[in-house]
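Visitor: below are the sequence and a predicted model for it; my questions follow.
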Amino acid sequence: MTAETPRSPIAFVANKGVPGQETGIATSAAPQDSAAAEHASLKYSLLGPSLTKAGQESVDQSVVSEVIYNASKGSKFFNREEERDKSLTAKIEQVLAKKRDLEALDLSRELRAADRLIAQLESSRDLTQYIVHVDCDAFYAAVELLDRPELKDVPFAVGGGVLTTCNYVARKFGCRSGMAGFVAKKLCPDLILLPLNFDKYNAKASEIREIISEYDPRFESASIDEAYLNITTYCAEHGLGPEDAVSEMRRKIHEQTQITVSAGIAANTRLAKICSNMNKPNGQYYLPHNREAIMEFMASLPPRKVNGIGRVLERELAAVGIETCADIYPQRQYLSRLFGNKAYEFLIRCYLGLGRTVVRPAEEYERKSVGTESTFRDMSAPHELRDKLKWTAVELEKDMRRAECKGRTLCLKVKLHTFEVLTRQVVLPRAIISSDDLYSFALPMLGKLEKDIPGMTLRLMGLRCTHLVSTKPPDTLAFFGLRRRPGSASGNPQATGAEEEWEQWPDEAANVGQETEEDLLQPREEGSGSESPYRRHGKEIAPNPTKDVPIPEELWDCPICGRPQAADERQFNEHIDLCLSRRTILDTVQKEAAGHITSSKAATPEPGKKPKKRGRQASTPDPKQKKLCFG
């Protein structure tokens with residue numbers, strides 16, 4: 001396959017339906033009929049979400065798109081994608097029509113509002129932090145290469161029916177993560193497929209995390225093979241520049257684990273994520289911490305390079321003339337009307353090159369949902385669907401117990417054999433966690449779908465709980481204003497901090513060994529695979545490693561009596577209960593004694609004074625209601 005300069009993805013869809021004119025179709029591709037020529041935008045969409053992965057720069061993507069197009073044409077998946085492409089085309093036409101109407105209006109107010117937002121966001125720019133995004137190079141493939149060094153110069157991939165990742169030799173042929181194995185074989189007939197081994201990958205990832213924690217103990221895991229760090233403090237304490245510190249870390253990781261990593265160094269997480277892909281593999285890129293350099297960097301950047309912008313939004317932006325991040329500024333007065341306020345502010349942040357500067361362990365983020373799903377062969381029998389629903393409920397209960405939470409809203413997700421995805425949800429009368437409750441509340445939603453769609457045939461089913469309620473025991477130390485002891489982690493180790501706050505359903509994981517070719521055509525992100533073998537996909541987050549340092553003996557001061565007590569939570573609670581009981585009893589006895597003396601004086605009138613008239617006595621406060629004051 002000849003390597004050509006890759007065409008811009010924007011040009012790929014610019015002149016849809018004009019064969020040979022900026023449609024991205026190479027002359028080396030197979031002859032096309034007129035129907036295929038009309039599918040230029042669909043062909044680009046079929047390239048999948050991993051199009052921007054490193055190693056694809058020299059690949060003629062038109063050849064890859066032709067292979068995927070011809071392999072999937074006529075399948076249910078293809079028909080579904082074709083419908084979605086047509087719907088997106090119709091939506092874009094509506095967006096363009098709306099923009100034409102807006103161009104005839106006076107949008108000076110929207111323009112001033114956009115400029116105010118830019119000024120406001122600009123004032124929040126923080127250039128004082130050194131944020132690093134570390135990303136392992138073809139991680140699963142690199143781990144497998146340690147056991148099979150003879151594959152170093154041979155194209156190979158990890159995964160069965162769907163590639164989870166592939167080495168850089170295979171990427172030169174157009175193979176990438178999320179691609180169906182039989183499609184990858186068409187692109188690279190000599191491709192070797194290796195089975196997944198998550199135990200091996202997790203063990204190696206733990207070794208890498210141990211080294212990363214030396215540079216930032218509060219690093220933030222983004223997946224099994226990538227993390228965000230804030231090395232500002234480390235650089236100040238060791239007198240190193242950010243580039244030298246990252247070079248040292250990458251060298252140490254390679255020496256101790258034999259895995260190469262790439263890194264991006266920038267002022268925030270969004271820029272660091274983009275920069276880490278600039279010099280892959282085994283490289284790093286430093287974006288200077290000044291506004292001019294950042295604005296220049298973002299000006300020529302295609303929107304698709306920004307984390308959070310996928311195929312759909314990329315195509316919508318291209319339709320209105322936004323092909324680089326610099327093009328956002330001239331269109332700023334239209335964005336809120338065309339795409340909504342949330343996307344509008346997100347795009348303005350992209351134009352300015354702004355992002356998070358706070359990096360913290362993933363387990364400290366508040367989890368918004370817990371869900372599980374599985375893909376299977378076409379299933380339509382009612383008893384089989386109910387058995388699958390029961391199994392899904394059991395798996396969800398396991399996940400929720402690990403996350404230590406219950407849910408107040410239950411969502412059912414199904415994918416029809418036509419690849420149409422449907423979701424239904426119900427607000428629960430109480431927070432639930434047991435599989436029996438999950439099943440009983442999900443069953444009516446499934447029954448309603450069966451009634452609405454006679455003969456319903458499914459290929460995927462999932463359950464998800466939102467509006468979570470924590471089931472963790474209360475922190476009594478925090479109640480009394482005391483610090484939690486080191487080593488007692490709190491929070492959910494599975495919770496993840498996403499770059500953006502847009503909540504999505506978890507990535508689909510296929511049932512290994514049950515995929516058909518049609519199943520395998522579905523594009524998936526790197527890391528999608530199996531967990532038992534259903535849910536594990538390589539994006540699970542483990543807690544940050546903790547250093548085994550001796551904890552000095554400490555004493556806790558009792559907030560009631562002020563005396564030091566042993567630093568044992570159970571004994572401390574018992575002592576507080578005893579102090580509270582003693583104080584309450586003492587106060588009660590003293591008050592009752594004082595009340596008795598006062599009542600005796602009131603019963604014996606002083607000489608020369610008339611006794612008070614009988615009547616209702618003023619009620620005395622209940623000693624049990626006495627307000628307790630600590631300290």
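Guide: All right, it came through fine. Numbering: from 1, shown residues only.
Visitor: buried ones in stretch 165-173?
Guide: Using 16 or more other C-beta atoms under 10 Å as the test for burial, stretch 165-173 gives 165-167, 169-173. Where C-beta positions appear, they are placed from N, C-alpha and C, glycine not excepted.
Visitor: starting at the chain centroid, how far to it?
Guide: 26 Å (C-alpha atoms, centre = their mean, to the nearest Å).
Visitor: that stretch: end-to-end distance?
Guide: By C-alpha to C-alpha, to the nearest Å, the extent of stretch 165-173 from end to end equals 14 Å.
Visitor: returning to that earlier point: closest one of the buried residues of stretch 165-173 to residue 227?
Guide: Among these, residue 165 lies closest to residue 227 (C-beta to C-beta), at 17.2 Å.
Visitor: look up phi and psi at the closest one.
Guide: Main-chain dihedrals, residue 165, degrees, to the nearest 10: phi -160, psi 170.
Visitor: before we move on, back to that, so which of the buried residues of stretch 165-173 are in strands?
Guide: Within those, residues falling in strands by DSSP state E are 165-166.
Visitor: what is the nearest of the buried residues of stretch 165-173 to residue 67?
Guide: Using C-beta to C-beta, the buried residues of stretch 165-173 come closest to residue 67 at residue 173, 10.3 Å.
Visitor: once you drop chain neighbours, what's closest to that closest one?
Guide: Once flanking residues are discounted, residue 173 sits nearest to residue 188: 3.9 Å by C-beta to C-beta, 6 or more residues apart in numbering.
Visitor: okay but that neighbour is in contact with residue 167, surely?
Guide: No: assessed by C-beta atoms under 8 Å, residue 188 is found out of contact with residue 167, at 11.0 Å.
Visitor: give me the common contacts of these two.
Guide: residue 155 (C-beta atoms under 8 Å, 6 or more residues apart in numbering).
Visitor: tell me, how many residues neighbour the residue nearest to residue 173?
Guide: 20 (other C-beta atoms under 10 Å).
Visitor: could you do residue 385 as well?
Guide: Count around residue 385 with other C-beta under 10 Å applied: 21.
Visitor: helix or strand: which one has it?
Guide: helix 382-403 (DSSP states H and E).
Visitor: and that helix, how far out from the chain middle?
Guide: 23 Å.
Visitor: C-terminal to that helix, what's the next element?
Guide: strand 405-416.
Visitor: elements contacting that next one?
Guide: In this structure, strand 405-416 packs against strand 369-379, strand 421-432, helix 435-452, strand 458-470, with contacts taken as 3 or more C-beta pairs under 8 Å, 6 or more residues apart in numbering; DSSP states H and E.
Visitor: could these go into CSV alongside mean neighbour count, mean pLDDT and distance to residue 84?
Guide: Converted to CSV, the helices and strands packed on strand 405-416 look like this (neighbours: other C-beta atoms under 10 Å; pLDDT from 0 to 100; distance: least, C-beta to C-beta, whole Å):
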stretch, mean neighbour count, mean pLDDT, distance to residue 84
strand 369-379, 19, 90, 18
strand 421-432, 14, 94, 10
helix 435-452, 16, 95, 21
strand 458-470, 21, 93, 16
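Visitor: for stretch 135-150, what is the distance to the chain centroid?
Guide: Worked out by C-alpha atoms, centre = their mean, stretch 135-150 lies 25 Å from the chain centre.
Visitor: now it: buried residues?
Guide: The neighbour-count check on stretch 135-150 (16+ other C-beta under 10 Å) flags 135-145 as buried.
Visitor: which members of the residues you listed are positioned in strands?
Guide: Using DSSP E, the buried residues of stretch 135-150 in strands are 135-136.
Visitor: picking up where we left off before, relative to residue 298, which of the buried residues of stretch 165-173 is nearest.
Guide: Distances from residue 298 to those, taken by C-beta to C-beta, are shortest for residue 171, at 26.2 Å.
Visitor: for that closest one, which non-adjacent residue is closest in space?
Guide: residue 55 (3.2 Å).
Visitor: equivalent analysis for residue 406, please.
Guide: residue 431 (3.7 Å).
Visitor: my guess is that neighbour contacts residue 407, does it?
Guide: Yes: applying C-beta under 8 Å, one finds residue 431 in contact with residue 407, separated by 6.3 Å.
Visitor: intersection of neighbour lists for these two?
Guide: Common neighbours of residue 431 and residue 407 (C-beta under 8 Å, 6+ apart) are residue 469.
Visitor: so what does residue 308 look like in phi/psi?
Guide: phi 110, psi -10.
Visitor: for residue 433, same thing?
Guide: The phi/psi pair for residue 433 (degrees, to the nearest 10) is phi -150, psi -30.
Visitor: same thing with residue 180?
Guide: phi -60, psi 140.
Visitor: show me what the helix holding residue 385 is packed against.
Guide: Other helices and strands packing on helix 382-403, by 3+ C-beta pairs under 8 Å, 6+ apart, are strand 369-379, helix 435-452, strand 458-470.
Visitor: now these in TSV, with distance to residue 305?
Guide: What follows is the helices and strands packed on helix 382-403, written out as TSV (distance: least, C-beta to C-beta, whole Å):
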stretch	distance to residue 305
strand 369-379	28
helix 435-452	39
strand 458-470	30
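Visitor: can you tell which of the ones you listed is closest to residue 92?
Guide: Smallest distance to residue 92 across those (C-beta to C-beta): 28.0 Å, for strand 458-470.
Visitor: and that closest one, how far out from the chain middle?
Guide: On C-alpha atoms, centre = their mean, the centre of strand 458-470 falls 16 Å from that of its chain.
Visitor: partners of it in the sheet?
Guide: Here strand 458-470 is paired, per DSSP bridges, with strand 369-379 (antiparallel), strand 405-416 (antiparallel).
Visitor: now tabulate the ones you listed in CSV and tack on distance to residue 184.
Guide: Listed next are the strands paired with strand 458-470 as CSV, based on distance: least, C-beta to C-beta, whole Å:
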stretch, distance to residue 184
strand 369-379, 19
strand 405-416, 23
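Visitor: strands of the chain, start to end?
Guide: Going by DSSP E, the chain shows strands at 131-136, 156-158, 165-166, 192-194, 220-223, 226-230, 261-266, 284-286, 369-379, 405-416, 421-432, 458-470, 555-557, 564-566.
Visitor: can you lay out those as a markdown table showing distance to residue 255?
Guide: Shown next, in a markdown table, are these (distance: least, C-beta to C-beta, whole Å):
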| stretch | distance to residue 255 |
| --- | --- |
| strand 131-136 | 15 |
| strand 156-158 | 24 |
| strand 165-166 | 23 |
| strand 192-194 | 25 |
| strand 220-223 | 22 |
| strand 226-230 | 19 |
| strand 261-266 | 12 |
| strand 284-286 | 16 |
| strand 369-379 | 39 |
| strand 405-416 | 41 |
| strand 421-432 | 46 |
| strand 458-470 | 42 |
| strand 555-557 | 43 |
| strand 564-566 | 44 |
